[in-house]
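[1] below: sequence and its predicted model.
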Amino acid sequence: MRLLKILLILLIFIFPIAEVGRIQFSNGVAVSLNDIFLLGLISAWIIYIYRKSEKISKGELFKPIAGFLAIALASLLLNLVNLSFDRFLISFLYLARWASYALIYFIVKDFDAKFKLKVSFAMLFSGSIVVLLGFIQYFFYPSLRNLYYLGWDEHLYRMFSSFLDPNFAGAFFALFLIFSISFIQKFIKGKKWLSFSAVGVVAALTLCALYLTYSRSALIMLIVSIIAYLFLINKKKFILLILFGLLLSIFILPRSFKSEGTNFLRAASSEARVKTTGEALSVIQKNPIYGVGFNAYRYARNEQGMNGSQWQVSHGAAGTDNSFLFVLATTGIIGFTAFLWLIYKTARLGIINIKKNKFSIVLLSIIAGLVFNSLFINSFFYVLILEWVWILAGLTENS
């Protein structure tokens, strides 16, 4: 158990490396340092389970996770006739990666309460480093133009931190801000004013970082998550005031509305989302029951002539800007139903533990925000977001 604890803390500490530690291959496959550390953690966990004599509890999310995985795998197998072996293998590898990150929930949930508290402090430190790296990037590396050949967009004058994408970075900042606020609330109750001040500074910087991503989807996630959080802690009277402050802040940003990337009313990205939505609906219409195969969306788009010259390395070609449409397109109505069940059960995990576990409110608020955020970016299948969601789900479940 001690080795498992050390490896989990190490996984959390290397999290800020994020996409910077990514190795991209020409066939669309990518491996990150995070993936490698996770593989070590899972290997140690499997050995621990094998050696442990008592029964391991399955947890609240075992059935929905297993159900979605089974349907996603079935969708791939049913599409074998449309996929070459290497394309099937590449698609399967992402499914295996998704399953690997889901295992974090099973690993974390059985730790004792004392260690879970240590995990939360490690997450607070790790998230703070991501924010710090974001400010360093914003002032000294304002564009990804030199990485365009690897499939990254330019993102000029926007904060993207080590995520290399302002929209996903913004989603993480929204998640981390809610997480930080829960600590602020705890420190106020405990009258730990030094800790309150330190985390207060982190939260303020995180809010600034989120705005500097100029991501509308991140702002929507923050608004929804904040409303949910205030509602759950019975502070409803502050909702309108905070909502007004969040929207007003848009107009005082240094580059707000001064370029296409920093314009909250920009039309180009909206038009692009409308286009990808139409493409997704076209794919869904032709494969409504079991989809084109989980993560085989890139190849389905190529068959229908929707991809450009960089379709094998472009990150956008692998999915669509909507997690729900992505699930419908790749696993069909059957997989979509299983996915909704998984979201429902994750939210329910927070609800049933809301009086017993402080992390439940954070989990519920983040899930609410992600539901809206994932309508604009594929955040429910972005593993750096998933890692935190699964850890929080594990922290929420009482052993």
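    Okay, I see it.
[2] flag the shaky bits of the chain, pLDDT-wise.
    For the chain, residues meeting the criterion pLDDT under 70 lie at 26-28, 53-55, 145-155, 255-268, 302, 304-319, 399.
[3] how about the strands in it?
    22-24, 30-32 (DSSP state E).
[4] surely Pro16 meets Phe163?
    No. Pro16 is beyond contact range of Phe163, at 9.8 Å (criterion: CB atoms under 8 Å). C-beta coordinates here come from the backbone N, C-alpha and C atoms, glycine included.
[5] so for the two, which sits in the more crowded spot?
    Phe163 (26 against 22; other CB atoms under 10 Å).
[6] next up, the contacts around that one.
    With contact taken as CB atoms under 8 Å, 6 or more residues apart in numbering, Phe163 is in contact with 18-19, 130, 169, 172, 384.
[7] most tightly surrounded among the strands of the chain?
    strand 30-32 (a mean of 18; mean count of other CB atoms under 10 Å).
[8] what strands line up against that strand, and which way round?
    Under the criterion DSSP bridges, strand 30-32 sits next to strand 22-24 (antiparallel) in its sheet.
[9] and the closest residue in space to Ser217 that isn't next to it in sequence, how far from Ile226?
    Using CB to CB, 6 or more residues apart in numbering and skipping the chain neighbours, the partner closest in space to Ser217 is Phe376 (3.8 Å). Distance, Phe376 to Ile226, using CB to CB, to the nearest Å: 17 Å.
[10] now do Leu39
    From Leu39 to Ile226 the distance is 36 Å (CB to CB).
[11] which of the two has more neighbours?
    Neighbours were counted for Leu39 and for Ile226 using other CB under 10 Å; Ile226 has more, 22 against 13.
[12] I figured the more buried one hits Ile242, correct?
    Yes. Distance between Ile226 and Ile242: 6.0 Å, which falls inside the contact criterion (CB under 8 Å).
[13] of the contacts of Phe163, just the buried ones, ChimeraX syntax please.
    Buried residues among the contacts of Phe163 (16 or more other CB atoms under 10 Å), as a ChimeraX selection:
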select :18,19,130,169,172,384
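[14] contacting residues for Phe85?
    Counting by CB under 8 Å, 6+ apart, Phe85 has no contacts.
[15] please disregard the earlier target; I meant Leu38.
    11, 100-101, 104.
[16] filter the residues you listed to the buried ones?
    11, 101, 104.
[17] of those, which is the nearest to Leu392?
    Closest to Leu392 out of the buried ones among the contacts of Leu38 is Ile104 (9.9 Å), distances taken as CB to CB.
[18] skip the chain neighbours and tell me the closest residue to that closest one.
    Residue nearest to Ile104 in three dimensions, not counting chain neighbours: Trp390, with 4.1 Å by CB to CB, 6+ apart.
[19] for that neighbour, give its distance to Lys109.
    In terms of CB to CB, Trp390 sits 10 Å off from Lys109.
[20] ok, now Phe172?
    Distance, Phe172 to Lys109, by CB to CB: 22 Å.
[21] same check on Tyr290?
    In terms of CB to CB, Tyr290 sits 31 Å off from Lys109.
[22] on that earlier part again, what is the burial count for the residue nearest to Ile104?
    Around Trp390 there are 23 residues (other CB under 10 Å).
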